[in-house]
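Undergrad: sharing a model prediction with you, sequence too.
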Amino acid sequence: MLNNQGRPTAAGEATGSAHPTFTGNRALQVEEALLFEIGRADCTGVDLDEPAPFTPRLGGLERKGEIGLVGLSEPETMRHFVRLSQKNYGIDTGLFPLGSCTMKHNPRLNEKMARLPGFSDIHPLQPQSTVQGALELIDQLAHWLMVLTGTSAVAMSPKAGAHGELAGMMAIKAAIDAKGEGAVRKVVLVPESAHGTNPATAALIGFVVKPVPAQDDGTVHVEDVKALLGPDVAAIMLTNPNTCGIFEPQIVEIAKAMHDAGAYFYCDGANFNAIVGKARPGDLGIDAMHINLHKTFSTPHGGGGPGAGPVVLSDRLSRFAPLPFIRKNGGRFALVETADQAGDVQAFGRVTAFHGQMGMYVRALSYMLSHGSDGMKQASEDAVLNANYIRAGLEDLMSLPFPDHPSMHEALFDDSWLKDSGVTTLDFAKAMIDEGYHPMTMYFPLVVHGAMLIEPTESESRASLDLFIMTLRDLALRAKRGETERFSAAPYHAPRRRLDETRAARNPILRWTPPQPIQQAAE
Amino acid sequence: MRYLPLSDADRTAMLARIGVKDIDALFADIPADKLLKAPVDLPRRKGELEVERQLGRLAAKNVPASSVPFFVGAGAYKHHVPATVDHLIQRSEFLTSYTPYQPEIAQGTLQYLFEFQTQVALLTGMEVANASMYDGSTGTGEAVLMAHRITKRRKAVLSGGLHPHYAEVVRTLSHMASDAVVSAPASPLADEDLIALIDGETSCVVVQNPDVFGNIRDLRPIAAAAQAKGALLIAVFTEAVSLGLVESPGAMGADIVVGEGQSIGNALNFGGPYVGLFAAKQKYVRQMPGRLCGETVDAEGQRGFVLTLSTREQHIRRDKATSNICTNSGLCCLAFTIHMTLLGEAGLKRLARINHAHAVKLADALAGVKGVSVLNKAFFNEFTIRVPGKAADVVEKLAAKGVLGGVPYSRLAPEAGHDDLILVASTEVNSDDDRAAFVAALKEVL
Ligand SMILES: Cc1ncc(COP(=O)(O)O)c(C=O)c1O
């Protein structure tokens, strides 16, 4: 029984400013030491019995000495990682308008489905007769991806977007080699607005990257592409909708120009989420396109991964898919894992061990089944509607570099509206943190000065968008009024103040090392 | 639709605010003849219950590892993962966050990456580790490219004990990049002469330990021979638990160490997502692929963590980057780090001893079956048996008897001509009853 006597129940005079605390903690914000500072070498949070004595058969190569690892009991482990989690911002915390990254809601049904033992507890190399349901699921997901993109083949195994780019560009290279043009077609055209993975991928497999100039309206013009075409061009890598959030209006002409020149069209599909159910990339003339399941189909980003990057292929490339793939024989599903089983597919090899990101496939299919064809179309429309609503709410205060095109799923602003304010894009982003928002993508794409790329996704309600718009308007007005210190030293309220990245790079400390015993000052 | 907050009234009001008459006005840049008039030919939306039923039916057609005596390995291993791990990685703030581009509100991710990098460096016996690759196989491909950059040579020598999928990933990448690869033939007895394949053009030698046949190898002579010719030793592992009992690759002289971290904290998942571990000598850090997390301080002098040395990476260096990787295996690193924290040094070593003990017991039991021989002299938790007849048929017949008894080597490398070899793994999850069931079933099918 609680005794309330003498216990004030009103807040009273409890105002005033905060003092530093003894612990350094601030109530729910609890400082947490590194695992290596709190763990013990002899502590374990797992109960295991020592095996009965036996003669080891390690060939004399037993590991000697301490590894240096530490352990924690289960309650300490729980507390360590829960406290760490509380220093993170996620979609479930609030609006996460990170352009190009598509931070949409992650339904927990998908997590539950991926954890069914029939999916999570099966081995990639157990007999195929014991994993028919898994192969059927991959086949179904492949079907949905092909229908949504209007293509006739898909390589499922790439492990993320950039890996899909690699597989797609390898298919293009294999097709070019098969025509005997490998020694000549060495150039890949990449617009300056492209994501860094595009040029990096092309270069990784020996292509020479040639930039395509950006036009003043934020799109690629077919005439600029044609001017670069020649017998040395292998492909173009073009993002659509592009990284400025605009659907490339001349995409069909660009595809035709590439094909007429004997070259291929790789489409970066990171922004496919804007047009699912509205248009099919296959109808636009693409030859290969990766799909980031962790963007468009909502598998969680998990603080940086894992993802999945299946790459759809046109008829011109489908013969050059990587291994493995699934073949349906009557009601049975068979994995084609090696070149000798591939038949008339001239598989160019493998991009990964095993069969790809099953855990992501289950989540993505669960997302697709839930939405259905109608829900996915609606999701694309809402994503585009929300981005344009934000744009309409901010365009009088912030500057739009490309006002002539409607935005698709993301609205791009530049920093010309901040000119002479003393506030930079970075400062503005950090001030958003104090307001409880994750910042938008900054300084990408590179074709726009001080870029701010805002992607709200379809997961935001109108009330949430209204508050976001009002918050950004308030900040924008303050920036224009010259309240610079609100920005230049932001964030004030995050678990950490602004971090010194220069120092981290100049003297890299990439792991914990035991503190050195203090040297006696002998000299 | 339960995931979409906007009502039709919202949509109408928002279109009015934007100043367009209908939603398709916003899609005006799509050529009119390409805009879909009708929904694509796929089913309509479904409630949770229906989705659960439909996916549940597919899941029920598979045989989970936990439901049978299970001895399948060859690059992915069935281990017990403590319940705490899966609970913690589903914390919203971990699960639904992005790559920590805004470090002030991503210290949770950054601190565990720093802890992860430290654990991986210690386990592998190396100085630095990165914040993960997609998996062990893609990491191996990246390690070869890194060795080429360091040595300015373009020829890799692959051991015949390297997992055939890993070797295929390296060969595919190398072929596409016009780099040379010399692959030693499959060596079930680990008796290959790799040193003879190293010459003045060799950039790196890639050796797996324990190798795909389960053999434990002494990397020291290969390291010395490679380094004497100006080449690097890339040591690969597919079973991270082995690092708790077998001499570390770093101590045996490796320059780059890469491996699969699935065994610790991560489920089998039919092959993915997994987590590629990647470590190297400090002097090579600027040639490493992937993200690196580093320590720094904030404006008030408090310790904090950031992504660093990013001038190596695609978003800064574009076509000059050390790799094209962007999204990696973040959440799988977290699972690895939590499980490793629970194990600790003492728990990991004990887990490794249990694995080895179980494999020794199983090897002895299987060697007692008429017609079966165990090839390995030294092994950790996996070894190779030779059976009379085709290994693939034997494994299929075992499955029909409810025992998942390993991987026929011919499934990984049909052209190698080792049709009678089965790779067999035994971890802490196998009981004496499981082993007895395996022996009994094998006797019946042979
Ligand atoms: C436009 C674009 N292309 C490619 C990628 C690479 O995808 P991933 O991170 O899945 O490798 C991204 C992701 O950040 C992107 O935004």
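TA: Okay, I see it.
Undergrad: for chain A, give me the ranges with low pLDDT.
TA: A:1-4, A:8-9, A:11-16, A:518-523 (pLDDT under 70).
Undergrad: buried ones in stretch B:193-211?
TA: B:194, B:197-198, B:202-211 (16 or more other C-beta atoms under 10 Å in any protein chain shown). The C-beta positions use only the backbone N, C-alpha and C, and glycine is treated the same way.
Undergrad: what segments of the stretch 101-250 of chain A are helices?
TA: A:108-114, A:117-120, A:132-149, A:161-178, A:197-204, A:222-228 (DSSP state H, counting those that start in this stretch).
Undergrad: domain assignment for the chain?
TA: As the question left the chain open, I've gone with chain A. A:1-45+A:69-78+A:495-523, A:110-367, A:379-494 (automatic domain parsing).
Undergrad: meant chain B actually
TA: If you go by automatic domain parsing, chain B breaks into B:67-81+B:345-445, B:83-338.
Undergrad: would you turn these into JSON lines with distance to residue A:177?
TA: As requested, the domains of chain B are arranged in JSON lines below (distance: least, C-beta to C-beta, whole Å):
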{"stretch": "domain B:67-81+B:345-445", "distance to residue A:177": "22"}
{"stretch": "domain B:83-338", "distance to residue A:177": "9"}
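Undergrad: near the ligand, which residues of the stretch 201-350 of chain A show up?
TA: Within the stretch 201-350 of chain A, the residues that sit near the ligand (C-beta under 6 Å from any ligand atom) are A:239, A:243, A:268, A:270, A:292, A:307, A:309.
Undergrad: check these one by one and keep those near chain B.
TA: A:292, A:307 (C-beta under 8 Å from any C-beta of the partner chain).
Undergrad: so which of the residues of the stretch 201-350 of chain A next to the ligand is surrounded by the most neighbours?
TA: Neighbour counts for those, by other C-beta atoms under 10 Å in any protein chain shown, peak at residue A:309, which reaches 33 neighbours.
Undergrad: list the contacts of residue A:211.
TA: Applying C-beta atoms under 8 Å, 6 or more residues apart in numbering or on different chains, we find residue A:211 in contact with A:189-192.
Undergrad: helix, strand, or coil at the closest residue to the ligand within the stretch 301-450 of chain A?
TA: Per C-beta to the nearest ligand atom, residue A:307 is where the stretch 301-450 of chain A lies closest to the ligand, at 4.5 Å. Following DSSP: H, G, I helix; E, B strand; the rest coil, we place residue A:307 in the coil state.
Undergrad: mind listing what whichever residue of the stretch 301-446 of chain B sits closest to chain A touches?
TA: The nearest approach of the stretch 301-446 of chain B to chain A comes at residue B:344, 1.6 Å away (C-beta to the nearest C-beta). Residue B:344 sits next to A:39-45, A:69-72 when contact means C-beta under 8 Å, 6+ apart.
Undergrad: just residue B:205 next, same as before
TA: Neighbouring residues of residue B:205 by C-beta under 8 Å, 6+ apart: B:156-157, B:159, B:194, B:197-198, B:222, B:226, B:231-234.
Undergrad: so it belongs to a helix, correct?
TA: No. According to three-state DSSP, the state of residue B:205 is strand, so it is not within a helix.
Undergrad: wait, residue A:149 sits on residue A:281?
TA: Yes. With contact defined as C-beta atoms under 8 Å, residue A:149 reaches residue A:281; the gap is 5.0 Å.
Undergrad: tell me, what's touching these two both at once?
TA: A:269, A:272, A:289, A:312.
Undergrad: most surrounded residue in those residues?
TA: Going by other C-beta under 10 Å, residue A:312 tops the shared contacts of residue A:149 and residue A:281 with 32 neighbours.
Undergrad: please name the nearest non-neighbouring residue to residue A:399.
TA: Among residues not flanking residue A:399 along the chain, residue A:417 sits closest, at 4.1 Å (C-beta to C-beta, 6 or more residues apart in numbering or on different chains).
Undergrad: what does residue A:402 give?
TA: Residue nearest to residue A:402 in three dimensions, not counting chain neighbours: residue A:218, with 3.6 Å by C-beta to C-beta, 6+ apart.
Undergrad: ok, now how distant is that neighbour from the ligand?
TA: 14 Å (C-beta to the nearest ligand atom, to the nearest Å).
Undergrad: which residues touch that residue?
TA: Contacts of residue A:218 by C-beta under 8 Å, 6+ apart are A:193, A:242, A:244, A:246, A:401-402, A:405, A:412, A:447.
Undergrad: format those as CSV; extra columns: neighbour count.
TA: Formatted as CSV, those follow (neighbours: other C-beta atoms under 10 Å in any protein chain shown):
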residue, neighbour count
A:193, 25
A:242, 26
A:244, 27
A:246, 25
A:401, 18
A:402, 23
A:405, 20
A:412, 29
A:447, 21
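Undergrad: where do the helices sit along the stretch 251-400 of chain B?
TA: So, for the stretch 251-400 of chain B - with DSSP H, counting those that start in this stretch - the helices run B:314-317, B:330-367, B:391-400.
Undergrad: cool, and the stretch 351-500 of chain A?
TA: Under DSSP H, counting those that start in this stretch, the stretch 351-500 of chain A gives helices at A:358-394, A:425-434, A:462-481, A:484-488.
Undergrad: excluding chain neighbours, what is closest to residue B:189?
TA: Counting by C-beta to C-beta, 6+ apart, residue B:375 is the residue found nearest to residue B:189 once chain neighbours are left out, at 6.2 Å.
Undergrad: burial count for the one you found?
TA: For residue B:375, the tally of surrounding residues (other C-beta under 10 Å) stands at 17.
Undergrad: off-centre distance for the lowest-mean-pLDDT helix or strand in chain B?
TA: Every helix and strand of chain B was ranked by mean pLDDT, DSSP states H and E. The lowest is helix B:314-317, at a mean of 89. Centre-to-centre, helix B:314-317 and its host chain are 25 Å apart (C-alpha atoms, centre = their mean, to the nearest Å).
Undergrad: now do residue A:339 against residue B:176, distance only.
TA: 15 Å (C-beta to C-beta, to the nearest Å).
Undergrad: the two: who's more crowded?
TA: Each of residue A:339 and residue B:176 has its neighbours counted (other C-beta under 10 Å); residue B:176 has more, 21 against 17.
Undergrad: now do the contacts for that one.
TA: Counting by C-beta under 8 Å, 6+ apart, residue B:176 touches A:170, A:173, A:205-206, A:348.
Undergrad: try residue A:413
TA: With C-beta under 8 Å, 6+ apart, residue A:413 has these contacts: A:394, A:398-401, A:451-454.
Undergrad: same check on residue A:238?
TA: Residue A:238 touches A:191, A:194, A:220, A:248, A:251, A:254, A:265-268, counting by C-beta under 8 Å, 6+ apart.
Undergrad: between those residues, which has the most around it?
TA: Greatest neighbour count in the contacts of residue A:238, by other C-beta under 10 Å, goes to residue A:266: 31 neighbours.
Undergrad: surely that one is within a strand?
TA: Yes. Counting by three-state DSSP, residue A:266 falls inside a strand.
Undergrad: count of neighbours near residue B:139?
TA: Residue B:139: 33 neighbours (other C-beta under 10 Å).
Undergrad: what's the offset of the helix or strand that contains it from the middle of its chain?
TA: For residue B:139, the host element (DSSP states H and E) is helix B:136-151. Centroid separation for helix B:136-151 versus its chain: 15 Å, with C-alpha atoms, centre = their mean.
Undergrad: circling back: deepest of the helices of the stretch 251-400 of chain B, which one?
TA: helix B:330-367 (a mean of 24; mean count of other C-beta atoms under 10 Å in any protein chain shown).
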